[in-house]
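J.: Sequence and predicted structure, then a few things I'm wondering about:
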Amino acid sequence: MAEAEETKQPASETVDNLSDKALRLWTTVVVFAVLAVFGLPLWWSTTTVYRAPLPMERINQLSSVKISVRVHLELLCDDYTLTKKSQLKADLDDILNKGSRTGPVIEYTTSAAPQPDWFASAVNAGQNLSDALESGGSSAAASASALDKIQYGIVLQHYVDGSVGSPTLRIGSHQFALVLYDKAGDLKDVTKSIGKLVENILLQYSLAQNAYKTAAGETVSQKKKEAANNNLMSVPSAAGYRLAFTLINSDPDNVRVDWDMRQASRRYLQPFLAHFSAVANFTVDSQILHYISSDIEPSRHAIGAYQLRQDQLAHMINPLESALGSQTSNFTTLHFIVYIPNKKQMPLQILNQDGSVSSSNAFLVHRWGSVLIHNVDDTTDGSGESPGQTPRSSHQLSDSQLSAIMATFTHHLKQLLGVSQLSDRQTSRLSVTASSSLPVTQWELNNLLLCRIMEQVARSRATLQALVKLLDDVTNMVIADHIQYEVLKAVDLIDGCLSQLSQGSLHSAYSLSRNALVASEKAFFDPSMLSLLYFPEESKYAIYVPLFIPMAVPVMASVVQSVKLFKQLRQAKSQAKLKSE
């Protein structure tokens, strides 16, 4: 009996021993479970990159959204065409709205009405019709522009001087054009002339379509060379432009030149820029630099003048640009340089492609600015010079000289902004009678705004879609709430812009498209998105593996030992039970 009790004692001690060890190991397992249940989710939530949801579907659908521009044409008929207005409207609708086009589409609506009183009175009084188109059209266009609608008036008038033949077109400064026709001719010739006038000259659909395709990165037809050249010359749309005017005197030892740029800006530049206030904001800077030379050797002409060929002009920019300095500005900078050549090289002339002397003596640099070479008169003023010193030529740019210089610069600025001038399209049957006091006609300004809208919508769409692709490729990139706000804002502004265009509200659509471009680029270039851009997934493993493996090995070993001890404990208990029986 005593021996049986002795044999039971070791089994009991073994079970108690294993129970104590299992308790300690299971305590480790419980800690590990707590870490797995609570610690891992907490670690995951604190280390997960925050990505606010973006309207991916709406952004992807922007590529398939139809862009339509509503344009209203009002035919202002004389007595003869008023009786045939239904036929005129039907024929004009067929011409303007025929066929289908890719990209932006202009949808025309037409109406017919009698001639306005101001024009009918001019006809009855035998006044000049072009003058009547300017004076009467000015007040009429002012009331029309207040409606913020793209609408134009086409005045129809038969020849009153006995002329015959094809219709003659006259374009004014405002939203009116005059079509003179032969009553004995076919009215279809009149509607064809109106169709060509509106679609190819006044609205210039090809320019707007090309601006859209170029900004969107689509292929542009080789047939549209004029539109392509216009886009290459003009600067991209921006919220504002900094106009930097610089007077460069290459030989101040012999020539002393000064200008009153403040007065010239107030008198000639500011009235010009006021007409483009709806397009962008402008700031004007000016400076005078000395001892800067073009480093180009001009050729000497037989008449004693020095001349620069067209192929030499490009080499003139680099030494001048390097000396202009840089100023911090959020606006796109356009440079306008008045270059005073060395006295030994005066007069310095620029030759055209055909070898003739340039009348403006200036050249345009695409998307950069303009350079004008000004030759000063050889008049000397020895005042202020030391005895024995060579007297210098003293020259103050006069008001008439500044007027000519600013006229050249404003003409180049129009080209840099992308204004397609109607005066370049004059033919024997088409004449532009725009007032010389207006730097830009309403037709030209509307064309510019339409092209800028197309460019800004295409750039906004491309920027948003590039952002979506980038975020899909880089899954650990942060998308903060303010980025989500800018993206939603840009998408809403694009939708609003397209809605305004479909209603014919040009200025409202332009404002919305410009804000959409700003919002989309603000989201794309936000600094917070770049914090994890160059942090690949492999870097996470390189950081976390050395951290977690030393912690995980003991815990996992404890789990394995706990399982083994649990099995041993069960076996020990079963054996003890059998022995007790």
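T.: That came in fine, so what should we check first?
J.: Can you show me the strands along the stretch 201-350 of the chain?
T.: 240-249, 255-258, 281-290, 299-300, 306-308, 332-340, 348-350 (DSSP state E, counting those that start in this stretch).
J.: Spell out which strands sit alongside the fifth one in the sheet and which way each one runs.
T.: So the one you mean is strand 306-308. Within its sheet, strand 306-308 is paired with strand 299-300 (antiparallel), strand 348-350 (parallel), according to DSSP bridges.
J.: Could you do the first one as well?
T.: Sheet pairing of strand 240-249 (DSSP bridges) gives strand 281-290 (parallel), strand 332-340 (parallel).
J.: Now that strand: buried residues?
T.: 241-249 (16 or more other C-beta atoms under 10 Å). No exception for glycine: its C-beta is placed from N, CA and C like everyone else's.
J.: can you check the third one too?
T.: By 16+ other C-beta under 10 Å, the buried positions in strand 281-290 come out as 282, 284, 286, 288-289.
J.: what residues does that strand touch?
T.: 239-249, 252, 258-259, 261-262, 265, 269, 273, 276, 323-324, 327, 329, 331 (C-beta atoms under 8 Å, 6 or more residues apart in numbering).
J.: One more: the first one?
T.: Residues lying outside strand 240-249 but in contact with it, judged by C-beta under 8 Å, 6+ apart, are 235, 255-257, 259, 261, 265, 269, 280-292, 320, 323-324, 327, 329-340, 369, 409, 413.
J.: Let's have the strands paired with strand 306-308 in a markdown table, adding mean pLDDT, mean neighbour count and distance to residue 550.
T.: What follows is the strands paired with strand 306-308, written out as a markdown table (pLDDT from 0 to 100; neighbours: other C-beta atoms under 10 Å; distance: least, C-beta to C-beta, whole Å):
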| stretch | mean pLDDT | mean neighbour count | distance to residue 550 |
| --- | --- | --- | --- |
| strand 299-300 | 84 | 11 | 80 |
| strand 348-350 | 90 | 20 | 77 |
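J.: Among those strands, single out whichever gets nearest to residue 151.
T.: In terms of C-beta to C-beta, the element of the strands paired with strand 306-308 nearest to residue 151 is strand 348-350, at 43.0 Å.
J.: The helix or strand following that closest one pairs with which strands, parallel or anti?
T.: Toward the C-terminal end, the helix or strand that comes next after strand 348-350 (DSSP states H and E) is strand 362-365. Partners of strand 362-365 in the sheet, by DSSP bridges, are strand 369-373 (antiparallel).
J.: Following the strand it pairs with in sequence, what is the next regular element?
T.: Following strand 369-373 toward the C-terminus (DSSP H and E): strand 393-396.
J.: name the helices or strands packed onto that next one?
T.: Packing contacts for strand 393-396, counted by 3 or more C-beta pairs under 8 Å, 6 or more residues apart in numbering; DSSP states H and E, involve strand 255-258.
J.: Residue 43 looks like it's in a helix, true?
T.: Yes - counting by DSSP: H, G, I helix; E, B strand; the rest coil, residue 43 falls inside a helix.
J.: in this protein, which residue is closest to the centre?
T.: residue 237 (3.2 Å; C-alpha atoms, centre = their mean).
J.: one step back: could I get the buried residues of strand 281-290 as a markdown table with distance to residue 160 and pLDDT?
T.: As requested, the buried residues of strand 281-290 are exported to a markdown table (distance: C-beta to C-beta, whole Å; pLDDT from 0 to 100):
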| residue | distance to residue 160 | pLDDT |
| --- | --- | --- |
| 282 | 44 | 94 |
| 284 | 47 | 94 |
| 286 | 51 | 92 |
| 288 | 57 | 92 |
| 289 | 59 | 91 |
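J.: tell me which of the residues you listed is nearest to residue 519?
T.: residue 282 (22.3 Å).
J.: avg pLDDT for whatever helix or strand residue 552 lives in?
T.: Following DSSP H and E, one finds residue 552 within helix 537-580. Mean per-residue pLDDT for helix 537-580: 75.
J.: begin at 76 from here
T.: Right, with 76 as the first residue, what we last looked at is helix 612-655.
J.: For it, name the packing helices and strands.
T.: Using 3+ C-beta pairs under 8 Å, 6+ apart, the elements in contact with helix 612-655 are helix 77-109.
J.: 10 Å instead?
T.: Where contact means 3 or more C-beta pairs under 10 Å, 6 or more residues apart in numbering; DSSP states H and E, helix 612-655 is packed against helix 77-109, helix 115-122.
J.: Next, the angle helix 612-655 makes with the shortest one.
T.: Between the axes of helix 115-122 and helix 612-655, defined by axes from the mean of the first three to the mean of the last three C-alpha atoms, to 10 degrees, the angle is 170 degrees.
J.: and stretch 121-140, C-alpha only, in PDB?
T.: Extracted C-alpha coordinates of stretch 121-140, given in PDB (Å, rounded to 0.1, in the frame of the first residue of the first chain):
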ATOM      1  CA  THR A 121      -1.600  54.800 -37.700                       C
ATOM      2  CA  THR A 122       0.800  53.800 -40.500                       C
ATOM      3  CA  THR A 123      -1.700  53.600 -43.400                       C
ATOM      4  CA  VAL A 124      -1.400  56.400 -45.900                       C
ATOM      5  CA  TYR A 125      -4.500  58.600 -45.900                       C
ATOM      6  CA  ARG A 126      -6.200  58.700 -49.300                       C
ATOM      7  CA  ALA A 127      -9.300  60.800 -49.500                       C
ATOM      8  CA  PRO A 128     -11.700  59.500 -52.200                       C
ATOM      9  CA  LEU A 129     -11.700  61.300 -55.600                       C
ATOM     10  CA  PRO A 130     -14.400  61.400 -58.300                       C
ATOM     11  CA  MET A 131     -12.500  58.900 -60.500                       C
ATOM     12  CA  GLU A 132     -15.500  58.100 -62.700                       C
ATOM     13  CA  ARG A 133     -16.400  61.700 -63.300                       C
ATOM     14  CA  ILE A 134     -12.800  62.500 -64.200                       C
ATOM     15  CA  ASN A 135     -12.600  59.600 -66.700                       C
ATOM     16  CA  GLN A 136     -15.800  60.600 -68.300                       C
ATOM     17  CA  LEU A 137     -14.500  64.100 -69.100                       C
ATOM     18  CA  SER A 138     -12.800  62.600 -72.300                       C
ATOM     19  CA  SER A 139     -16.200  61.600 -73.700                       C
ATOM     20  CA  VAL A 140     -18.100  64.800 -72.800                       C
END
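J.: picking that back up, pull out the buried members of the contacts of strand 315-324.
T.: Buried by 16+ other C-beta under 10 Å: 310, 330-332, 334, 336, 340, 344, 355, 357, 359, 361, 363-364, 367, 395, 399, 407-415, 444, 484, 488, out of the contacts of strand 315-324.
J.: just to revisit the earlier point, can I get the strands of the stretch 276-425 of the chain in TSV with distance to residue 248?
T.: Formatted as TSV, these follow (distance: least, C-beta to C-beta, whole Å):
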stretch	distance to residue 248
strand 315-324	24
strand 330-333	36
strand 356-365	22
strand 374-375	43
strand 381-383	36
strand 407-415	25
strand 423-425	31
